[in-house]
Structures are given as structure tokens and as C-alpha cells.
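J.: here is my input; please provide its structure:
(one chain, ligands or ions: 2)
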Amino acid sequence: MTAVAHPPLADALAKSDLLHDHAAIDAAIAGMADAVRADYDPDDVPLYVTVMHGGMPFASALAMELGKRGLDLEFDYLHATRYRGQTSGSGLAWLHRPATPMRDRRVLLADDILDEGHTMLAVKQWCEDQGARDVRIAVLAVKKHDRCVDGIHADYVGLEVADRYVFGYGMDYHEQGRNLPGIYALRD
Ligand SMILES: O=P(O)(O)OC[C@H]1O[C@H](OP(=O)(O)OP(=O)(O)O)[C@H](O)[C@@H]1O
Ligand code: HPA
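T.: Ligands and ions are numbered 1, 2, ... in the order given. As a prediction, the model looks like this:
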């Protein structure tokens, strides 16, 4: 089998701009935690669903900030992907669905980025179809453009990013760079 050659991460970094550093991301997540905490009753523990893989660093950080503020969370995760390591999206593939029953639960979805919205539209619809009584969306970043599908928006947003391919803090450049502590954008 021939291995697929990926462009090296160092080359991507050399032709990218840092949009948000780690301190800015931490501050944004703390602000989001304040907003989420104000909307949730600790006696009605939400089901906190991380959208893998990209959502993992953000979901972890937000969960800890919510813990500091006295909001317990029940964890589950899903994996739905439509980019598959590429820089443009195609059809959504579900690789894992949450196992926890959602009927009558409040569900909080945590992901790295809302771009064209296809992923979250399908994921939110699926949670509602499972009987969740309330489904909200927290994303670290929203991309600024007018191509987002109708009917979807993020309830909690940390940062805006330009209409360029972005990576770092969960987001990949050909499956690399997810653990960069900042968010970078490729120059056109
Ligand atoms: O708003 P959209 O245009 O639908 O794109 C956003 C989705 O794309 C990315 O996932 P990806 O498909 O790259 O999977 P990954 O998280 O495993 O990298 C990202 O993590 C979001 O889930
Ligand atoms: O710009 C992006 N970067 C990484 N993953 C993404 N998923 C949707 N848009 C993006």
C-alpha cells in the first residue's frame, strides 16, 4: 500500500497567520463558561457531547471552566466528519454516535468550529430526533462568511475567524496541528 504524503505542518505554519493565541483562547472560553453557567441549572445536569476529533481540546477546556463554576456535566461524544483531513468538506460520515439516552435531557454540543454548518445541522437534528428536550451548541470559533446553511447557529461562541482555512486548538491541517495552542489561518 502506498502511504499518502501530507504537506508538512511546518510548511503550513510558514504560510499562515496566528489569529488567536492561547491566552486569547483561554479568555474566550472563560467568557463562554460564564454564559453557559448562567443558562443551566446544576440540578438538571446536561449531557455534554464532544464532537470528535476537532472539538476535544475545546470541550475539555470548557468543561473544566464549567466545573470551576459549579456545573456538573455528564460526558459523551460523537464523531461526525465531512472534511476527513482535507481543507474542503463533502458528505457527512458518522463514525460514532453517543450511547447515552437523550430523551428529555438537555444536551450541550461542544465543537471547535462552525463553518458551513452542515455538521451541526445534522448533529442537532439527530439529538432532537432522539428526544432531547433542549439542544444547544457551543463552538470555540465561528467562521465569518455568508455560506452557513439556514437553520443553524451557535448558542455560545468564543471567537470569530476569517474566511480562510484555519487550524490549531483541535482543528487539523491534514490531520496535523490539532495540539497547537493557538489558531492559525492559511494565507490565500
Ligand atoms: O460547519 P461545517 O462546514 O460542517 O464544518 C465544521 C466541522 O468540520 C470539522 O470536522 P471534520 O469534518 O474536519 O472532522 P474532525 O473533527 O474529525 O477533523 C469541525 O470539527 C466541525 O465538526
Ligand atoms: O477551516 C477549518 N479548519 C479546520 N477544520 C474545519 N472544519 C471546517 N472548517 C474548518
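
J.: what's the residue nearest the centre of the chain sitting at in phi/psi?
T.: By C-alpha atoms, centre = their mean, the chain has its centre lying nearest to Asp111, at 1.5 Å. Phi and psi for Asp111, reported as degrees, to the nearest 10, are phi -140, psi 170.

J.: same thing with Glu160?
T.: The phi/psi pair for Glu160 (degrees, to the nearest 10) is phi -100, psi 150.

J.: is it in contact with Lys144, as I believe?
T.: Yes. Contact criterion C-beta atoms under 8 Å: Glu160 and Lys144 qualify, at 5.4 Å. For the C-beta atoms, the positions are set from N, CA and C on the backbone; glycine is no exception.

J.: wait, what's in contact with the closest residue to Val166 other than its chain neighbours?
T.: Excluding the flanking residues, the one nearest Val166 by C-beta to C-beta, 6 or more residues apart in numbering is Ala185, at 4.9 Å. Contacts for Ala185 (C-beta atoms under 8 Å, 6 or more residues apart in numbering) come out as 16-17, 19, 161-162, 164-166.

J.: A strand includes Ala33, no?
T.: No. Assessed with DSSP: H, G, I helix; E, B strand; the rest coil, Ala33 is helix; it does not lie in a strand.

J.: so what's it closest to, chain neighbours aside?
T.: Leaving out its chain neighbours, the residue that sits closest to Ala33 by C-beta to C-beta, 6+ apart is Glu65, at 3.5 Å.

J.: on that earlier part again, for the residue nearest to the centre of the chain, list each beta-bridge partner.
T.: Val139 (DSSP bridges).

J.: for it, which residues are in contact?
T.: 50-51, 54-55, 58-59, 119-120, 137-140.

J.: count the neighbours of Ile137 for me.
T.: When neighbours are defined as other C-beta atoms under 10 Å, Ile137 has 22 of them.

J.: ok so, going back, of the contacts of Asp111, which is the nearest to ligand 2?
T.: Distance to ligand 2, by C-beta to the nearest ligand atom, is smallest for Gly54 among the contacts of Asp111, at 5.9 Å.

J.: burial measure for the spatially closest residue to that closest one that is not a sequence neighbour, as a count.
T.: Distances taken as C-beta to C-beta, 6+ apart place Asp112 nearest to Gly54, at 3.9 Å, with adjacent residues excluded. Burial of Asp112 is recorded as 27 neighbouring residues (other C-beta under 10 Å).

J.: how near is Asp112 to Asp76?
T.: Using C-beta to C-beta, to the nearest Å, we find Asp112 at a distance of 17 Å from Asp76.

J.: low pLDDT regions in the protein?
T.: Across the chain, the ranges flagged by pLDDT under 70 are 1-4.
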